[in-house]
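In: Quick one: sequence plus predicted model below, questions after.
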2 protein chains.
Amino acid sequence: MFFERVAIIGVGLIGGSFALALKERQLCGQAVGAGRSVASLEEARARGAIDAIERDAAAAASGADLVLVAAPVAQFEAIFLAIAPRLKPECLVMDAGSTKRDVVEAARRGLGSRLAQFVPSHPIAGAEKSGAAAASAALFQGKRVVLTPLPESAPGILDKAAAAWGACGARVSRMTAEEHDAVFAAVSHLPHLLAFALVHDIASRPEAAQLFGYAAGGFRDFTRIASSHPEMWRDICTANRDRLLQELARFDTEMGRIRRMLAQGDAEALEKLFTDARAARERWLSGEYE
Amino acid sequence: MFFERVAIIGVGLIGGSFALALKERQLCGQAVGAGRSVASLEEARARGAIDAIERDAAAAASGADLVLVAAPVAQFEAIFLAIAPRLKPECLVMDAGSTKRDVVEAARRGLGSRLAQFVPSHPIAGAEKSGAAAASAALFQGKRVVLTPLPESAPGILDKAAAAWGACGARVSRMTAEEHDAVFAAVSHLPHLLAFALVHDIASRPEAAQLFGYAAGGFRDFTRIASSHPEMWRDICTANRDRLLQELARFDTEMGRIRRMLAQGDAEALEKLFTDARAARERWLSGEYE
């Protein structure tokens, strides 16, 4: 496996790290970048993630053997439309979006006859830091990458995609786009929403300063994901809103159960719930679900 | 300030660290311990936190100049009843409980005429690790300790309590027990309940293994407090349940607002909420509310 020309559309943390990882393993001849922000592109070039800056996505994709679309998901359709006419027939196209059903739809609308070359991908890595300045060849080491193949996918293209992410150190797995969006609504999108909600609610009270003044380490960790990027999370929440609404309804039922335990002073039921939760988390931390 | 004899009732992380901190600053002649678990007491003695093990709380408190009750809050009334007849008139009594209205009630019932010697205290430190093995003289360094004085408090006793915690490196502040329980319901008890609930809900699904398999760093931090001690959190939740139910109702209103934004596809309102939450958290992290 060797990609003579790699195009990164959107050179932030994910795009920059992917390019650095391929380069470190000498799997890539030249890496070029395109994107909205000239400053980001310059930073990525200074860090050695890309060798050249192209004027737009279409120019970057021209002649490329691998295109990674790592821009905000809301821009995908326009990017796909722009690159489709310039793609070589054997070029592998991947994305790095956090939701997959909307990405597949954008690809169907934008890539047209090139759809078979596209492998929807979600690398589960990094979020707190962002930008090419934080990029690292080791970002994907031991992290998961989920591929959500299309029925149209060209023979061999999935293995090529899996090999590219695997070469970056990632653990690659496959599921449908529907399954992907259901899983991440539960273990990622809902917790983000709860963390944003808690901080927002506290900040909106007259006594906010006092409350924050006594918030400690538990609060800091619980709300870490409330420092995530608002634009990115707006797009994730709206793209996956049907699944997220289902998760919210489910969580509401769970909280109703706990509210009744509290209202009835059912200390035994509360202790059992806490004990079960702690035990499940310890099993998870011990690697039982890897 | 010098305490010839210090009695620690319940020698875990908090009790052990308090004794170690006083010793390191040479503010204490002898430290003795009492508690349910012989193994913990032996561990505390091996670590140098206590010099001797007494057979029970009453024996430990006899002749003491300072008594710290750092056992589970559910045991407080029995401990107060046992030590009250043995307290020297000038002995300072403090606790380390995470709720304060119930502790004050237990003290009123248990300490009787000795109530004026008692200063309710809540050190905001440590929770994840527990036990004397994790104790450290530096545990309270830079951490907050909240005192919730009683109208009956003896003149000078509050300053003595503040000086003792201050000597351990803590930032000491005062509020009423009512105010304390309201503040911590919002910034500590509610987040704990949400974290326990999320892990419990995911663990109870048929597809739990798959869900945990894709949970990543954001989930790990968000749920860290779901590894807290079930018995301790059972007691906190039941002791503070009226305030916690108020916080749950409030959070439910906030989540209802967010659910409507999602259902209506109001991306702009979601992005504003996320932006406001992130900005508030950054202000908090920058120390604006210290």
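Out: Arrived safely, thanks for sending. On a predicted model such as this, the values are computed, not experimentally measured, just so you know.

In: Spell out, range by range, the strands that occur in the stretch 101-250 of chain A.
Out: Taking DSSP state E, counting those that start in this stretch, the strands of the stretch 101-250 of chain A run over residues A:118-119, A:121-123, A:144-147, A:171-174.

In: Paired strands for the last one, with orientation please.
Out: Put plainly, it is strand A:171-174. strand A:144-147 (parallel) (DSSP bridges).

In: Please work out the average pLDDT along the strand it pairs with.
Out: Strand A:144-147 shows an average pLDDT of 98 in the prediction.

In: For that strand, give me every contacting residue.
Out: A:100, A:119-124, A:158, A:161-162, A:165, A:170-175, A:180, B:214, B:216 (CB atoms under 8 Å, 6 or more residues apart in numbering or on different chains). To be clear about C-beta, it is placed using only N, CA and C from the backbone, and glycine gets the same treatment.

In: can you check stretch A:242-250 too?
Out: Under CB under 8 Å, 6+ apart, the answer for stretch A:242-250 is A:181-182, A:185-186, A:189-190, A:193, A:237, B:201, B:255, B:258-259, B:262-263.

In: Check for me that A:Glu90 belongs to a helix.
Out: No: with DSSP: H, G, I helix; E, B strand; the rest coil as the criterion, A:Glu90 is located in coil rather than a helix.

In: and the closest residue to it other than its chain neighbours, how far is that from chain B?
Out: Counting by CB to CB, 6 or more residues apart in numbering or on different chains, A:Asp65 is the residue found nearest to A:Glu90 once chain neighbours are left out, at 7.2 Å. Here the criterion is CB to the nearest CB, to the nearest Å. By it, A:Asp65 lies 30 Å from chain B.

In: How about A:Arg224: what's its closest non-neighbour residue?
Out: B:Asp221 (4.7 Å).

In: and what of A:Arg241?
Out: Using CB to CB, 6+ apart, the nearest residue to A:Arg241 is B:Leu262, at 4.8 Å.

In: these two touch, right, that neighbour and A:Cys237?
Out: Yes: between B:Leu262 and A:Cys237 a contact is recorded at 6.3 Å, counting by CB atoms under 8 Å.

In: Can you pick out the residue with more neighbours from the two?
Out: When B:Leu262 and A:Cys237 are compared for neighbours, A:Cys237 comes out ahead with 25 against 20, by other CB atoms under 10 Å in any protein chain shown.

In: ok, the nearest residue to A:Lys100 once chain neighbours are set aside - contacts?
Out: Distances taken as CB to CB, 6+ apart put A:Ala177 closest to A:Lys100, at 3.9 Å, once the chain neighbours are dropped. A:Ala177 is in contact with A:Lys100, A:Arg101, A:Val103, A:Val104, A:Pro120, A:Thr148, counting by CB under 8 Å, 6+ apart.

In: Could you dump the strands of the stretch 101-250 of chain A into CSV with mean neighbour count added?
Out: Converted to CSV, the strands of the stretch 101-250 of chain A look like this (neighbours: other CB atoms under 10 Å in any protein chain shown):
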stretch, mean neighbour count
strand A:118-119, 28
strand A:121-123, 25
strand A:144-147, 22
strand A:171-174, 15
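
In: Next, count neighbours for whatever residue of the stretch 1-150 of chain A ends up closest to chain B.
Out: Among the residues of the stretch 1-150 of chain A, A:Ile124 lies closest to chain B, at 4.8 Å counting by CB to the nearest CB. By other CB under 10 Å, the residues close to A:Ile124 number 21.

In: cool, and A:Leu270?
Out: Other residues within reach of A:Leu270 by the criterion other CB under 10 Å amount to 24.

In: what secondary structure does it sit in?
Out: A:Leu270 ends up helix, using three-state DSSP.

In: Please determine how far it is located from chain B.
Out: 5 Å.

In: coming back round to it: who touches the residue nearest to A:Glu90 in this structure?
Out: A:Asp65 makes contact with A:Phe3, A:Glu4, A:Arg5, A:Val6, A:Lys88, A:Glu90, A:Cys91, A:Leu92 under the criterion CB under 8 Å, 6+ apart.

In: do the same with A:Ala209
Out: Here A:Ala209 is in contact with B:Tyr289 (CB under 8 Å, 6+ apart).

In: and the residue positioned nearest the centre of chain A, backbone torsions?
Out: The residue lying closest to the centre of chain A (CA atoms, centre = their mean) is A:Ser98, at 3.5 Å. The phi and psi values for A:Ser98, taken as degrees, to the nearest 10, are phi -90, psi -10.

In: Spatially, what comes nearest to it if we skip its sequence neighbours?
Out: Per CB to CB, 6+ apart, closest to A:Ser98 is A:Ile236, 5.1 Å.

In: ditto for A:Trp165
Out: A:Trp165 sits nearest to A:Val145 (CB to CB, 6+ apart), 4.3 Å away.

In: circling back to that earlier point, and the contacts of A:Asp65, which two are furthest apart?
Out: Greatest spatial distance in the contacts of A:Asp65: A:Val6 and A:Glu90, 13.8 Å, computed using CB to CB.

In: neighbour count winner among those two?
Out: A:Val6 (26 against 11).

In: does that one sit in a helix, a strand or a coil?
Out: strand.

In: There's contact between A:Thr238 and B:Ala267 in this structure, I believe.
Out: Yes: between A:Thr238 and B:Ala267 there is a contact under CB under 8 Å: 4.9 Å.

In: what's A:Ala57 in contact with, if anything?
Out: Going by CB under 8 Å, 6+ apart, A:Ala57 touches A:Ala7, A:Ile9, A:Ala34, A:Val69, A:Ile79, A:Ala82, A:Ile83.

In: Dump these to CSV, plus neighbour count, distance to B:Leu248 and secondary structure.
Out: Formatted as CSV, those follow (neighbours: other CB atoms under 10 Å in any protein chain shown; distance: CB to CB, whole Å; DSSP: H, G, I helix; E, B strand; the rest coil):
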residue, neighbour count, distance to B:Leu248, secondary structure
A:Ala7, 32, 50, strand
A:Ile9, 30, 45, strand
A:Ala34, 26, 48, strand
A:Val69, 28, 42, strand
A:Ile79, 25, 44, helix
A:Ala82, 19, 49, helix
A:Ile83, 27, 49, helix
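
In: For burial, what's the neighbour tally of the closest residue to A:Leu20 other than its chain neighbours?
Out: Leaving aside its chain neighbours, A:Leu20 sits nearest to A:Ala137 (4.1 Å; criterion: CB to CB, 6+ apart). By other CB under 10 Å, 20 other residues sit near A:Ala137.

In: Can you give me the buried ones in the longest helix belonging to chain A?
Out: Counting residues, the longest helix found in chain A (DSSP state H) is helix A:241-263. Across helix A:241-263, burial judged by 16 or more other CB atoms under 10 Å in any protein chain shown covers A:241, A:243-244, A:247-248, A:250-251, A:254-255, A:258-259, A:261-262.

In: how about the residues of the stretch 51-200 of chain A near chain B?
Out: Taking CB under 8 Å from any CB of the partner chain as the criterion, the stretch 51-200 of chain A approaches chain B at residues A:124-125, A:127, A:143-144, A:146, A:183-184, A:186-188, A:190-200.

In: Which ones among those residues map onto helices?
Out: Per DSSP H, the subset of those in helices is A:183-184, A:190-200.

In: how about JSON lines for those, with neighbour count added?
Out: Output for these, formatted as JSON lines (neighbours: other CB under 10 Å):
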{"residue": "A:Val183", "neighbour count": "20"}
{"residue": "A:Phe184", "neighbour count": "26"}
{"residue": "A:Leu190", "neighbour count": "23"}
{"residue": "A:Pro191", "neighbour count": "24"}
{"residue": "A:His192", "neighbour count": "22"}
{"residue": "A:Leu193", "neighbour count": "27"}
{"residue": "A:Leu194", "neighbour count": "26"}
{"residue": "A:Ala195", "neighbour count": "25"}
{"residue": "A:Phe196", "neighbour count": "28"}
{"residue": "A:Ala197", "neighbour count": "20"}
{"residue": "A:Leu198", "neighbour count": "25"}
{"residue": "A:Val199", "neighbour count": "27"}
{"residue": "A:His200", "neighbour count": "22"}
